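Visitor: starting from these lines, generate the structure:
(one chain, ligands or ions: 1)
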Amino acid sequence: MNRVSSLIVLIGVEDTPIIFVVAEWRKPGMNSRVDELLVSAALAIASSRRLVAFTGAGISVESGIPPFRGPGGLWERYDPSILDIQRFNQESAASWKAIKELFYDHWSKCEPNLAHRVLADWEARGLLSFTITQNIDDLHYRSGNRHIAEYHGSLRDLVCRRCGKRLPSLSVSLDHLPPLCPDCGAVLKPDFVFFGEGIPEAASRAAAEAIHSCDCLLMIGTSGEVYPAASLPPAAKRRGAVLIELNPRPSAYTASIVDYFLPFGACEGMEKLNAALLDLR
Ligand SMILES: [Zn+2]
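Guide: Here you go, the predicted model:
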């Protein structure tokens, strides 16, 4: 096993110890605190009984999807009220025009990146039990994850709130806005959570169960500022889970509840973490 380890050298005469020497050795090229943290995080993952991932906008930035918040985020260019449910109900054509520009003209063409693919691989290998995502971009599902709580819904489907009909977004023409239900004629709505709406019940319940049963939580690219999702990692911490954070910059969680902070973007960090896991074998 190539990893930082403690070495205790015991020199003795018969059963009587005389000298203890405590030293450390490192894998060649492993020379930073961050490398040590990567190994520690990999060990925590490898020894966990139930690993859960908690993802935010940062995991999808490298797929070309801009975050809502922060520098360069969508809210610098768009008024957040376009995603207010009351405005959608009152001005559905105008809301849909912005929704089409924001999401459907661009996001459906984006592909899962290496970080999404590693999580899907971990799930397939039984290493990852569950993923809770705040993202609506469908990229976890498209990369192969199936045990997911899409906490804010997804742009994958459009739904009719009058008759309940559900349609894949890609099957619905957006040439004329707003798109209408083919069965009852009501306005179709993207199946993600608008401002003023609650968290989908099934996703909320599944996320709570995952948080309550996990012993290791891997947080990727989340700022920890959007509630109620932001309350999930502290709940895992209170129940004794080890918390690993992968983020290029510290978040609201870093100094308070995180055990291992890995200062990387999602793809670079997941590649390193995956390599560290393989090194443990
Ligand atoms: Zn309908």
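Visitor: what's the first-to-last distance across stretch 45-53?
Guide: In terms of Cα to Cα, to the nearest Å, the two terminal residues of stretch 45-53 are separated by 11 Å.
Visitor: ok, stretch 144-154 next?
Guide: Terminal-residue distance, stretch 144-154 (Cα to Cα): 15 Å.
Visitor: list the buried ones in it?
Guide: For stretch 144-154, a neighbour-count test (16 or more other Cβ atoms under 10 Å) marks 145, 148-154 as buried. In this view, the C-beta of every residue, glycine as well, is placed from N, C-alpha and C.
Visitor: pLDDT, distance to E201 and secondary structure for these - can I get that in a markdown table?
Guide: Listed next are the buried residues of stretch 144-154 as a markdown table, based on pLDDT from 0 to 100; distance: Cβ to Cβ, whole Å; DSSP: H, G, I helix; E, B strand; the rest coil:
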| residue | pLDDT | distance to E201 | secondary structure |
| --- | --- | --- | --- |
| N145 | 97 | 21 | coil |
| I148 | 98 | 15 | strand |
| A149 | 98 | 11 | strand |
| E150 | 98 | 13 | strand |
| Y151 | 97 | 12 | coil |
| H152 | 97 | 13 | coil |
| G153 | 97 | 11 | strand |
| S154 | 96 | 15 | strand |
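Visitor: can you pull out the helices in the stretch 151-281 of the chain?
Guide: 201-213, 232-238, 254-257, 266-279 (DSSP state H, counting those that start in this stretch).
Visitor: indicate which one of the ones you listed is closest to the ion.
Guide: helix 201-213 (20.6 Å; Cβ to the ion).
Visitor: which other residues reach that closest one?
Guide: Here helix 201-213 makes contact (Cβ atoms under 8 Å, 6 or more residues apart in numbering) with 50, 52, 129-130, 132, 149-151, 153, 217, 232, 235-236, 239.
Visitor: buried set for that helix?
Guide: Buried-residue list, helix 201-213, by 16+ other Cβ under 10 Å: 203-204, 206-207, 210-211.
Visitor: so what's the residue nearest to the spatial centre of the chain up against?
Guide: Nearest to the geometric centre of the chain sits T55, at 1.1 Å (Cα atoms, centre = their mean). The contact partners of T55, by Cβ under 8 Å, 6+ apart, come to 119, 131-135, 140, 219-222.
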